[in-house]
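Asks: Coordinates for the following, if possible.
(one chain, ligands or ions: 1)
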Amino acid sequence: QTGTVAANPEQYDQAYICPVTIGSQTLHLDFDTGSSDLWVFSNLMPSSEVDGQTEFNTNSAGATKKDGYTWSISYGDGSGASGVVYADTVNVGGATATSQAVEAATSVSSEFTSDTGSDGLLGLAFSSINQVKPTPQTTFFDTVKSSLEAELFTADLQSNGPGSYTFGYIDSSKYTGSITYTAVDNSQGFWGFTAGGYTVGGGGSNSTGTIGSAIADTGTSLMYLPTAAVQSYYSQVSGSSYSSSQGGYIFPCSASLPSLTVSIGGHGFVVPGSNFNYSPTGSGNTCFGGLQENTGIGFTIFGDVFLRAVYAIFDETQGSPRIGFAAQ
Ligand SMILES: Cc1nn(C)c(C)c1CC(=O)Nc1ccccn1
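Replies: Residues are numbered from 1 along each chain as shown. Okay, the predicted model is just below:
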């Protein structure tokens, strides 16, 4: 089988939301290659934590409670959720898991309550970091992958309109040139890979270092790189500065932003400058940068700001996992 689903950008491309059928309900979930839990808003939550989201109905006929199973997850940005576990049929654009662990929230943090466009997350990292106790559950991809035409999924994220995720096939109309594959280190449960040198702007190679180990994370809005690369980038943005009050680099919204070329698997991938204007700060006509330092995180994240510039293939067809990137 295969699946194809639209990925709809939220405001400022903060996240990408996809329709998922769970039993007889359709919920709109944030597909996240940086985590491994499929969790949803549910009827078990206090109404004070729900702001218009669709709630998974745990009383529906097809939902089977997994007694004694609980989950609790916290994300690097401080958000989190927790709850209990059901099994139900989950259909993503035609790819169907007949008995998928659906983690029904009993509580979510304010960040999720206020993210009114999202009814939960669908994790696409490795099942080794699933947070269900006493027994970790498989991700949707792991549950269905043996039944897919090919054991892979792809992400095509767009800025001004719907992109898509596919399961089981590569859509050759989504990219130009060839796909560059590179090995994945999933020892931490992520789609980890090694990135090489970088160049700011279209000029000659002014990269002074390499980026190193990184993860591909559709659930993270921005791109978080080592300080040296970030300082090198913003040194080319007139009027930019680090704002402790905003918690990152900002610049005049009128600033012209250079592109950033990153070498992966020996191929240079160009992130256009426009990708690095994330959102207005709300004060002084300054804008918040889509490129920020990874110092607070401890590892480098190639989030949506990067993934919008490429077609990404998350591939387990070779036995060992690999990730592919192509220009789009
Ligand atoms: C790891 C990390 N540290 N910091 C500062 C950030 C922003 C991250 C990435 C992160 O939190 N991603 C996320 C958040 C919610 C749901 C899914 N993914």
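Asks: Nearest to the spatial middle of this structure, which residue is it?
Replies: For the chain, the residue nearest the mean C-alpha position is residue 218 (1.5 Å; CA atoms, centre = their mean).
Asks: what helix or strand is that residue on?
Replies: When elements are assigned from DSSP states H and E, residue 218 belongs to no helix and no strand.
Asks: And it, how far from residue 209?
Replies: With the distance defined as CB to CB, to the nearest Å, residue 218 ends up 26 Å from residue 209. C-beta here means a position set from N, CA and C on the backbone, and glycine is covered the same way.
Asks: go on, residue 159?
Replies: In terms of CB to CB, residue 159 sits 29 Å off from residue 209.
Asks: and those two? which has more neighbours close in?
Replies: residue 159 (15 against 12; other CB atoms under 10 Å).
Asks: residue contacts, the more buried one?
Replies: By CB atoms under 8 Å, 6 or more residues apart in numbering, the contact list for residue 159 reads 9, 13, 275, 308.
Asks: for the first one, which residues make a bridge with it?
Replies: Each beta-bridge partner of residue 9 is listed here: residue 16, as defined by DSSP bridges.
Asks: my guess is it meets residue 30, correct?
Replies: No. In this structure residue 9 lies outside contact range of residue 30 using CB atoms under 8 Å: 11.1 Å.
Asks: Closest one of the contacts of residue 159 to residue 149?
Replies: Nearest to residue 149 out of these is residue 308 (CB to CB; 26.2 Å).
Asks: got a pLDDT number for the spatially closest residue to the closest one that is not a sequence neighbour?
Replies: Of all residues beyond its chain neighbours, the one nearest residue 308 is residue 157 (4.9 Å), with distances taken as CB to CB, 6 or more residues apart in numbering. pLDDT, residue 157: 98.
Asks: Out of the contacts of residue 159, which sit inside strands?
Replies: Using DSSP state E, residue 9 are the members of the contacts of residue 159 that sit in strands.
Asks: For the ligand, what's the nearest residue on this structure?
Replies: Of all residues in the chain, the one sitting closest to the ligand is residue 76 (2.1 Å; CB to the nearest ligand atom).
Asks: Might you report the residue contacts of that residue?
Replies: Neighbouring residues of residue 76 by CB under 8 Å, 6+ apart: residue 297.
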